[in-house]
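Engineer: Sequence unavailable; structure follows:
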């Protein structure tokens with residue numbers, strides 16, 4: 001193992017192979033305890049070692065797309081001793097993070113950003129007149145994202161020195177889909193374009209042991225050519241699928257954008273990787289190197305099940321098995337959604353499900369298996385997913401977009417311009433609304449109410465339990481407007497789902513319990529969605545502390561039940577809202593606006609996440625306790641709102657800020 005990247009550059013090839021083996025063992029061992037992105041990182045061990053062998057960070061810049069595959073980079077850049085803390089409280093982040101290390105020049109955890117960011121960094125270098133290398137490691141399905149093509153379109157007109165590494169492992173999270181995946185496969189198997197360029201061959205011969213590297217390169221080339229041999233022996237070669245441009249998979253897409261294409265090369269062949277990267281450093285024009293890697297390489301369980309091992313919790317090293325679900329554990333929210341989708345689709349022929357490369361994470365895989373003709377995976381392309389759904393909606397269908405709350409942010413303009421403006425009945429089921437604790441701020445879904453509630457025509461719902469989730473899905477299928485349902489990650493509440501879902505009245509809250517009118521101070525408690533279980537415990541504690549508590553399930557963040565909110569606010573001494581969302585612009589803000597409009601002067605105490613990005617941690621409970629979203633802190637804050645004016649004995653309320 002090494003402590004700093006400069007040590008890598010002193011190793012022999014044999015020592016680098018040993019280093020690769022040690023890194024794989026370290027990752028498999030640590031991630032068995034912490035969980036994480038196992039497969040993607042096992043697949044880039046040799047590539048990352050080669051990058052650090054050829055380039056010198058932090059002067060040279062590595063920009064990792066998504067950056068969930070940057071664990072090896074972290075180990076090689078002075079974070080080896082802390083690697084056991086990855087994705088845990090106060091530990092290393094599971095993604096590249098600028099504040100964590102000078103070797104992380106750009107932070108990211110959403111796909112498709114590397115090429116644009118790297119091009120901006122290269123442009124800054126050129127304007128400054130410095131000579132550092134800028135390397136974008138993209139792929140892992142990032143090419144299904146439109147931002148990547150927007151960047152490729154600008155590379156050649158922006159800079160002459162740009163290195164792109166296309167990490168092609170055939171997967172994003174699930175198996176890659178669409179024409180881009182097919183295109184890359186054609187590049188791999190096409191003998192007309194996987195030849196080594198003449199200038200690259202000359203470059204190799206000039207290097208020490210260049211003839212050896214060249215032989216290795218030709219050996220890799222022959223292996224790729226062999227993949228086409230059986231196809232070439234078929235009787236009718238004219239039946240081979242064309243790429244739509246009269247060819248059979250060419251590098252034209254890169255070449256016509258003014259970017260030199262080289263590859264494909266074996267992403268686990270260290271000498272070949274090093275030689276190719278050394279060549280890339282000498283190029284005076286933008287270059288893309290197509291590197292083939294194997295997701296999960298070195299760990300049999302990850303190789304056999306790459307989708308599962310893309311990202312998971314702790315596992316058994318010997319078998320790859322994850323911890324069994326404890327008896328009595330409620331189903332995960334997303335699984336409730338997946339099973340409900342199948343039942344609803346069986347009864348409603350207009351319903352279809354859409355995912356943006358997250359069939360397992362959203363559990364739409366359940367629909368794919370049961371009713372594949374009612375399922376679409378559009379790849380990591382949230383904007384396209386939303387507008388695609390709009391097109392379906394204009395044809396009389398009711399598309400259900402299952403997209404994580406934080407990922408849906410990428411399609412915000414599409415929500416406003418295409419969905420809401422045209423008032424199309426698209427249904428959005430927003431998984432991970434709330435915390436995704438180990439992933440951190442890039443994945444926390446804490447902003448969706450704020451970015452949705454001011455958009456006209458939208459209905460925004462949050463279920464208190466899994467039965468109400470299905471009711472809301474059923475209700476959404478009866479709307480003629482855009483409908484959004486937010487629910488968190490992890491186990492639901494353990495409430496049985498009734499056989500026939502109930503149609504909810506839009507904008508109507510549920511009164512769980514009213515005031516007892518027992519002469520005590522009255523607190524109207526409004527916990528939204530999954531905060532209801534916390535709200536119940538708060539209500540019990542406040543009862544014990546001498547308060548008269550009304551408990552209301554708002555159900556709708558938009559439209560609010562104006563009548564219920566007004567009634568209880570006028571009757572109460574204090575209104576308290578609870579939400580698994582940022583306090584700025586959220587449900588509590590909506591209630592405050594309503595009370596102001598109605599000229600109600602009762603104090604409001606909105607409780608939610610503060611106006612900052614919330615860090616990652618080992619679990620949700622740690623973060624809730626740290627930021628005061630627990631029973632003790634909430635009860636203390638409520639009691640603090642009741643003060644006695646000195647000398648009068650009169651009860652006064654302070655306006656919560």
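Structural biologist: Ah, there it is. Here the structure is a predicted model, which means the values were calculated and not measured. Residues are numbered from 1 along each chain as shown.
Engineer: Which parts of the stretch 51-200 of the chain are helices?
Structural biologist: 71-74, 114-128, 146-158, 179-189, 198-206 (DSSP state H, counting those that start in this stretch).
Engineer: repeat for the stretch 351-500 of the chain
Structural biologist: When secondary structure is read from DSSP H, counting those that start in this stretch, the stretch 351-500 of the chain shows helices at 365-370, 382-394, 405-408, 412-414, 448-452, 466-476.
Engineer: Tabulate those (JSON lines), appending mean pLDDT, mean neighbour count and distance to residue 562.
Structural biologist: Backbone N, C-alpha and C define where each C-beta goes, glycine included. Below are the helices of the stretch 351-500 of the chain laid out as JSON lines (pLDDT from 0 to 100; neighbours: other Cβ atoms under 10 Å; distance: least, Cβ to Cβ, whole Å):
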{"stretch": "helix 365-370", "mean pLDDT": "98", "mean neighbour count": "20", "distance to residue 562": "36"}
{"stretch": "helix 382-394", "mean pLDDT": "98", "mean neighbour count": "21", "distance to residue 562": "29"}
{"stretch": "helix 405-408", "mean pLDDT": "98", "mean neighbour count": "26", "distance to residue 562": "26"}
{"stretch": "helix 412-414", "mean pLDDT": "98", "mean neighbour count": "16", "distance to residue 562": "27"}
{"stretch": "helix 448-452", "mean pLDDT": "98", "mean neighbour count": "23", "distance to residue 562": "17"}
{"stretch": "helix 466-476", "mean pLDDT": "98", "mean neighbour count": "24", "distance to residue 562": "19"}
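Engineer: Tell me which of those lies nearest to residue 60.
Structural biologist: For the helices of the stretch 351-500 of the chain, proximity to residue 60 was assessed by Cβ to Cβ; helix 405-408 is nearest, at 30.4 Å.
Engineer: What helices and strands are in contact with that closest one?
Structural biologist: helix 382-394, strand 427-430 (3 or more Cβ pairs under 8 Å, 6 or more residues apart in numbering; DSSP states H and E).
Engineer: go with 10 Å
Structural biologist: In this structure, helix 405-408 makes packing contacts with helix 382-394, strand 427-430, helix 448-452, strand 483-486, judged by 3 or more Cβ pairs under 10 Å, 6 or more residues apart in numbering; DSSP states H and E.
Engineer: Now render these as a markdown table, adding distance to residue 162.
Structural biologist: Written out in a markdown table, the entries for the helices and strands packed on helix 405-408 read as follows (distance: least, Cβ to Cβ, whole Å):
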| stretch | distance to residue 162 |
| --- | --- |
| helix 382-394 | 25 |
| strand 427-430 | 36 |
| helix 448-452 | 34 |
| strand 483-486 | 40 |
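Engineer: in this protein, which helix or strand is least confident?
Structural biologist: strand 651-653 (a mean of 39; mean pLDDT, DSSP states H and E).
Engineer: For residue 425, give me its contacts.
Structural biologist: Contacts for residue 425 (Cβ atoms under 10 Å, 6 or more residues apart in numbering) come out as 350, 389-390, 393, 396-399, 419, 476-483.
Engineer: next one: phi and psi at it?
Structural biologist: Taking degrees, to the nearest 10, you get phi -80, psi 60 for the backbone angles of residue 425.
Engineer: Quick check: it vs residue 477, distance?
Structural biologist: Computed with Cβ to Cβ, to the nearest Å, the distance linking residue 425 and residue 477 is 8 Å.
Engineer: and for the two, which residues touch both?
Structural biologist: The overlap between the contact sets of residue 425 and residue 477 (Cβ under 10 Å, 6+ apart) consists of 350, 398, 483.
Engineer: Export the residues you listed to TSV and append columns for neighbour count and pLDDT.
Structural biologist: What follows is the shared contacts of residue 425 and residue 477, written out as TSV (neighbours: other Cβ atoms under 10 Å; pLDDT from 0 to 100):
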residue	neighbour count	pLDDT
350	15	98
398	23	98
483	24	98
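Engineer: Of these, which is the nearest to residue 41?
Structural biologist: The shortest separation between residue 41 and any of the shared contacts of residue 425 and residue 477 is 38.0 Å, and it belongs to residue 483 (by Cβ to Cβ).
Engineer: Leaving out the residues flanking it, which one is nearest to that closest one?
Structural biologist: With Cβ to Cβ, 6 or more residues apart in numbering as the criterion, residue 483 has its nearest non-adjacent residue at 3.8 Å, and that residue is residue 476.
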